[in-house]
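Visitor: With the input below, show me the fold.
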Amino acid sequence: MSASVQLEKNGLTLALSGGASAYFNYFWLRENCDTAIDKQILERVYHVARAPEDLHAVKAEIEGDSLVVRWSEGDHTSRYPLAWLEKCAQNALREDEAELTRTLWRGDYYPKLQRFDYARLQTEPSQVADWAKTLITDGISLVQAVPNTDEALKDMVHLLGHVDPSCFGYDFQVRVHSDPSNIAYTTSALGLHTDLPSESPPPSVQFLHCRANESEGGESLFVDTCAVAEDFRSKNPQDFELLCKVDVPFRQIHKNFDMRDKHKMILLDRKGEVSGVSLSQHLVDVMDLPQKQLDDFYPAFRRFIHALEDPAYLMQFRLEAGECIVFDNNRVAHGRNAFKAQTGLRHLHGCYLNLSEVRSTYRILKAREQDKDKSKDNRVSKAA
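Guide: Prediction:
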């Protein structure tokens, strides 16, 4: 055994650079041997639950820049780069390019709203990467010069992932319906809401392609709920804590479906930061909390709704034909003003996409950019 490695009952302690040391569990080490991952499909093929209960290292030593471990299991030997182990010890292995800081915005955001050209998105991967990044950081973007075709919507979605179906199917048409299954399919004003909190999970990214907007009224409304909720946390900490804990029931019922689920009103990510809300006054079901708890819930709920409706947070504009607004449905509450159907057609073609696919696409495109840059650097070095 190398002086840099100390074998113990359930793991080993390894000396790191700078005089530090780190402990590594035997099962964790064995599971992360490079032979545990299939080289073609890049999935784990070693099952740690099938390992012997007394799995341990028979011998471990440093060879060059690697830790070499000979196992009690089948006389197997594993080799681990020391630099990789050091990153693992510092919890720095999985640096995620898609874990980007949110950019919070308020009612004056419209001039800064990131805009992308449909044709350039179809031909320039760097534009798609920038678009995906914007959706992760800002939660909203506008695609312009979108063709007035049924296919244009799906063509946009497929740049980032796949259509995520809902109770309405793979897509939906927001226009006046003779037999509406949703208040959006009427001429009424729509209060600020997130779509379908009655589903599990609710849709995460929403596309609304404006095919026509000739009617009077119907201006679109958007609010960054993360900005509102973080301010609300500072001003009303007890209300904030309550709305992060209480499960609110939602239900959407029609002759063809009966969707129900419960969600926290204010959603937090792993870091404890606000990631969005579950909000739909139209779909909230009968509150089933004990009545005495409702004495605290309703005042907190009302104060939060009033905060969301503060004009300082409200971005309002008219969505024009040929534009597609794309936004994080769980983060950006949206609505519209009432409109007059007799003054002209208002038609939006919509669908949903999972935000995890946006993050995945961003990672893949950034990795390709980095590979291209490395290849370019290598060619320059050889030429020199």
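
Visitor: close enough to count as contact, Asp239 and His306?
Guide: No: counting by C-beta atoms under 8 Å, Asp239 does not reach His306; the two are 11.0 Å apart. C-betas here are computed from N, CA, C, even on glycine.

Visitor: When these two are compared, which one has more neighbours?
Guide: A direct count of neighbours by other C-beta atoms under 10 Å for Asp239 and His306 places Asp239 higher, at 21 against 10.

Visitor: Would you mind pointing out the helix or strand the more buried one falls in?
Guide: Per DSSP states H and E, Asp239 falls inside helix 237-245.

Visitor: ok, residues contacting the helix or strand that that helix is followed by?
Guide: Next helix or strand after helix 237-245 toward the C-terminus (DSSP H and E): strand 247-254. Residues from elsewhere that reach strand 247-254 (C-beta atoms under 8 Å, 6 or more residues apart in numbering): 167, 181-182, 196-199, 258-265, 278, 280, 283-288.

Visitor: If you average the pLDDT over the next helix-or-strand element following strand 247-254, what comes out?
Guide: Downstream of strand 247-254, the first helix or strand assigned by DSSP H and E is strand 257-264. In this model, strand 257-264 has a mean pLDDT of 96.

Visitor: Just the buried positions in strand 257-264, please.
Guide: Residues of strand 257-264 classed as buried: Met259, Asp261, Lys262, His263 (neighbour count, 16 or more other C-beta atoms under 10 Å).

Visitor: Not counting its neighbours along the chain, what's nearest the first one?
Guide: This points to Met259. Among residues not flanking Met259 along the chain, Ser198 sits closest, at 4.1 Å (C-beta to C-beta, 6 or more residues apart in numbering).

Visitor: I figured that neighbour hits Asp261, correct?
Guide: Yes: contact criterion C-beta under 8 Å: Ser198 and Asp261 qualify, at 5.7 Å.

Visitor: rewinding a little: as PDB, could you dump the C-alpha coordinates of the helix holding Asp239?
Guide: Extracted C-alpha coordinates of helix 237-245, given in PDB (Å, rounded to 0.1, in the frame of the first residue of the first chain):
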ATOM      1  CA  PRO A 237     -41.200  36.500   5.300                       C
ATOM      2  CA  GLN A 238     -44.000  34.700   7.300                       C
ATOM      3  CA  ASP A 239     -46.400  34.800   4.300                       C
ATOM      4  CA  PHE A 240     -43.600  33.600   2.000                       C
ATOM      5  CA  GLU A 241     -42.800  30.600   4.200                       C
ATOM      6  CA  LEU A 242     -46.400  29.600   4.400                       C
ATOM      7  CA  LEU A 243     -46.900  29.800   0.700                       C
ATOM      8  CA  CYS A 244     -43.800  27.600   0.200                       C
ATOM      9  CA  LYS A 245     -45.200  24.900   2.400                       C
END
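
Visitor: Summarise which helices and strands it is packed against.
Guide: Applying 3 or more C-beta pairs under 8 Å, 6 or more residues apart in numbering; DSSP states H and E, we find helix 237-245 packed against helix 225-235, strand 257-264, strand 266-268, helix 291-308.

Visitor: Quick check: can you name the pairing partners of the following helix or strand past the shortest one and their directions?
Guide: Next in sequence after strand 266-268, counting helices and strands by DSSP H and E, comes strand 274-277. Each strand that pairs with strand 274-277, with its direction, by DSSP bridges: strand 266-268 (antiparallel).
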